[in-house]
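> show me how the following folds:
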Amino acid sequence: MESAISEIKKLKEEAGNTLQKLQETEMQITSKGKKIGITRYQRLLLIAHAASAERSTALEEGDVEEADILLVEAEAVVTEAKNLQPDKFKEEDFSNLPENFISMELILKLDSKQLTELASSVNILERLAMKVGNFLSTGLE
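Numbers count the residues shown, from 1 in each chain. Sure thing, here's the model as predicted:
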């Protein structure tokens, strides 16, 4: 009888350990799922902003057909992003997204003076200096 009770206690303890491991694994899966959702949402936002920037350049160059295609692309991506239910995410989940989007096609056409003016107008140089400073200070600690 005592051996049966001992065996039951042992099985109960093993079941408790297994349950704990399952709960930890479930938490990890949930966390990774949220990170994947956030990353996908961020990616879609970047695509939408890039398409909008490219559209602006196309309009400036008078390529209305290309601008219309880019508008449809941006709208489709925004719709897809909305389907991910962004209300589940926190604002700090998106703190690493860029604030300004500039068409690469436009940048390639600018001379060095225009690039400098553009960079200063969107505070790229100051933010880059801050990021480099933050990186250096965290790397030295």
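> how about Ile102, secondary structure?
Assigned by DSSP: H, G, I helix; E, B strand; the rest coil, the conformation of Ile102 is coil.
> and it, how far from Ala53?
Per CB to CB, to the nearest Å, Ile102 is found 6 Å from Ala53. C-beta: built from backbone N, CA, C; applies to glycine.
> ok, Gly62 next?
17 Å.
> with neighbour numbers in mind, choose between those two.
Using other CB atoms under 10 Å as the criterion, Gly62 and Ala53 rank with Ala53 on top: 20 against 8.
> host element of the more buried one?
Ala53 is part of helix 2-60, with elements assigned from DSSP states H and E.
> what of Leu115?
Applying DSSP H and E as the criterion places Leu115 in helix 112-121.
> give me the mean pLDDT for that helix.
In this model, helix 112-121 has an average pLDDT of 75.
> next one: stretch 16-24
Averaging pLDDT along stretch 16-24 yields 93.
> report pLDDT for Lys12.
With respect to pLDDT, Lys12 scores 91.
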